[in-house]
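# sequence first, then the predicted structure:
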Amino acid sequence: MNTNEGLKREIGVLGLSANIVNLIVGAGIFVIPAIVAERLGAASILAYLFCGFLIMLIMLCFAEVGSKLTQSGGAYSYIEVAFGKYFGFLTVNFFILGATIMADAAVANALAGTLAYFMPVFNNEIVRSLFFIFIFGGLAVVNIKGVKQGISVVIVTTIAKLTPLLFLVLIGLTKVSISNLAWDSVPSTNDLGKMSLILFFAFQGAESGLNTGGEVINPKKTIPRGILISISFVILLYVLIQLVAQGILGASLSTFKDAPLAEVAKNMMGPFGVTLILVGAAISMFGFLSGDVLNMPRVIYSAARDQVILPLSLANIHKKYATPHYSIILYATMGCLFAITGEFKTLAILSSASVLLIYFGVAMSVIKLRIKGKAESGTFRVWGGYTVPVISILIILWVLSKLTTNEIIGIAIFVAILSAIYLVMKLLRKNKEQP
């Protein structure tokens, strides 16, 4: 099932590792330290280690399935091949409507909160709503006019998000107060699970780094090494950021939910530090949004073109600009509405839950595809038999069990609505096929 025979294998361990790190480290880490500290305090590093362990297992599952099924589509393709079109339909809708749009709405709120640190007017709900309309509307217009305009900020945002974080860690480690890192108590498994559900938001995106699997040198060795190096680096970076924030601010860390790292930088370097972190955070968050408003409408367009989602008019192309304008407008509108009506913590939880459900499907796909037949030579296979996918499945189910009753009901209703839509689409196709 390999479809990449024409691609050159030129990506080594360092290239793969760097790509994965770039995709994981983003907007969430600028905000989440305060939220995690509110529940876990100095013991917050346990949640980082737990989430890092889980994402490493999940990445290994993606690596195995991705080496067998190298066609485009990622998790959607893997789950559809393993379990059929219905589950593929659920996956693509959870990915677009749940994981990505919720993430964008959460990041938009984080961006407004970051700006509020400088300009308190952004705490006003009307101002925030107008800001969201301006951001999503502006990005929609830019992307409707052409893909070149939407892709120009990638390099700048990558540098902008890593530089201030590394600067913060290197200087902050010399100013940490050890007394602030003392654990008052060991957190309960319930608290750890609930905070991991939120923190997992900062670990999303790693699987996209494996989309280049067909161009990786010696994938059997390079992929697991790349995963180990990249995830280990991210865990180390995140733990150090949390330690620096906790070690400098102590118990007060949880009170700076809008821009905790800016407050850390203020204590370390004064106004310069605040400016460095806030500018880096704002650019990183805006870059995250611009990237999604560029890329995700193309996913909606492709799904409508393939008759996976309705309405099919979402596959229309603008006559002048040759862009999927209806898909762009729909995506930007939904992102804006969720941003206006939600807040970061809730949106991050819903996004994480959607992603974890998709990851659950991929882990199940590893088992199903192994049962269906032998792997082709040259493909990657996770060691330890079924241990990795089974542990991944059990941990994901445990984390999802920490959702509130209302959140679970909401997801169940969403699945029911999608199932009804799928059934209607299937009946319509049958009627069309009949003479």
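Okay, I see it.
# any idea how many residues pack against residue 118?
By the measure other C-beta atoms under 10 Å, the count of residues near residue 118 is 15. The C-beta positions use only the backbone N, C-alpha and C, and glycine is treated the same way.
# the closest residue to it other than its chain neighbours and residue 164, how far apart?
Ranked by C-beta to C-beta, 6 or more residues apart in numbering and with sequence neighbours excluded, the top spatial neighbour of residue 118 is residue 278, at 6.4 Å. In this structure, residue 278 and residue 164 are 9 Å apart, going by C-beta to C-beta, to the nearest Å.
# tell me which residues of stretch 228-235 are tucked away?
229-231, 233-235 (16 or more other C-beta atoms under 10 Å).
# can you check stretch 409-423 too?
So for stretch 409-423, counting by 16+ other C-beta under 10 Å, buried means 411, 414, 418, 422.
# do stretch 121-138 as well
122, 127-128, 131-133, 135-136.
# could I get these as CSV with pLDDT, distance to residue 268 and secondary structure?
Shown next, in CSV, are the buried residues of stretch 121-138 (pLDDT from 0 to 100; distance: C-beta to C-beta, whole Å; DSSP: H, G, I helix; E, B strand; the rest coil):
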residue, pLDDT, distance to residue 268, secondary structure
122, 87, 24, helix
127, 90, 30, helix
128, 89, 29, helix
131, 90, 29, helix
132, 90, 31, helix
133, 91, 36, helix
135, 86, 30, helix
136, 87, 34, helix
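# which one of those is nearest to residue 113?
Closest to residue 113 out of the buried residues of stretch 121-138 is residue 122 (7.4 Å), distances taken as C-beta to C-beta.
# so that closest one touches residue 115, yeah?
Yes. Counting by C-beta atoms under 8 Å, residue 122 touches residue 115, with 4.7 Å between them.
# now do the shared contacts for the two.
Common neighbours of residue 122 and residue 115 (criterion: C-beta atoms under 8 Å, 6 or more residues apart in numbering): residue 131.
# chain center to stretch 60-76: distance?
With C-alpha atoms, centre = their mean, to the nearest Å as the basis, stretch 60-76 stands 17 Å off its chain's centre.
# stretch 129-136 now?
Worked out by C-alpha atoms, centre = their mean, stretch 129-136 lies 22 Å from the chain centre.
# identify the residues contacting it?
108, 111-112, 115, 122, 286, 289, 293, 332-333, 335-336, 339-340.
# again, but for stretch 391-401
With C-beta under 8 Å, 6+ apart, stretch 391-401 has contacts from 54, 57-58, 61, 193, 196-197, 200, 353, 356-357, 359-360, 363-364.
# show me this structure divided up by domain.
As given by automatic domain parsing, the domain ranges for the chain are 13-403, 404-435.
# which of these sits most buried?
Most buried of those, by mean neighbour count (mean count of other C-beta atoms under 10 Å): domain 13-403, with a mean of 20.
# quick revisit: in TSV: the contacts of stretch 129-136, plus secondary structure.
As requested, these are exported to TSV (DSSP: H, G, I helix; E, B strand; the rest coil):
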residue	secondary structure
108	helix
111	helix
112	helix
115	helix
122	helix
286	helix
289	helix
293	helix
332	helix
333	helix
335	helix
336	helix
339	helix
340	helix
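# just name the closest of those to residue 243, please.
Closest approach between the contacts of stretch 129-136 and residue 243, by C-beta to C-beta: residue 111, at 25.3 Å.
# how about the closest one: what's its closest non-neighbour residue?
Excluding the flanking residues, the one nearest residue 111 by C-beta to C-beta, 6+ apart is residue 285, at 4.1 Å.
# can you tell me the SS state at that neighbour?
helix.
# that one touches residue 115, doesn't it?
No. Counting by C-beta under 8 Å, residue 285 stays clear of residue 115, with 9.6 Å between them.
# what sits in contact with each of these two?
Contacts common to residue 285 and residue 115, judged by C-beta under 8 Å, 6+ apart, are absent.
# element containing residue 411, please.
Secondary structure assigned from DSSP states H and E places residue 411 in helix 405-433.
# pLDDT on that helix, on average?
Per-residue pLDDT over helix 405-433 has a mean of 84.
# and it, what does it pack onto?
helix 85-93, helix 344-372 (3 or more C-beta pairs under 8 Å, 6 or more residues apart in numbering; DSSP states H and E).
# ok, now how distant is the nearest residue to residue 107 once chain neighbours are set aside from residue 282?
The spatially closest residue to residue 107, leaving aside those adjacent along the chain, is residue 27, at 4.5 Å (C-beta to C-beta, 6+ apart). Distance, residue 27 to residue 282, using C-beta to C-beta: 9 Å.
# kindly report the same for residue 36.
Distance from residue 36 to residue 282, by C-beta to C-beta: 22 Å.
# and residue 42, by the same measure?
Distance from residue 42 to residue 282, by C-beta to C-beta: 29 Å.
# what do you get for residue 292?
Taking C-beta to C-beta, one finds residue 292 at 16 Å from residue 282.
# for residue 431, same thing?
51 Å.
# pLDDT score assigned to the residue nearest to residue 107?
72.
# look up phi and psi at it.
phi -70, psi -30 (degrees, to the nearest 10).
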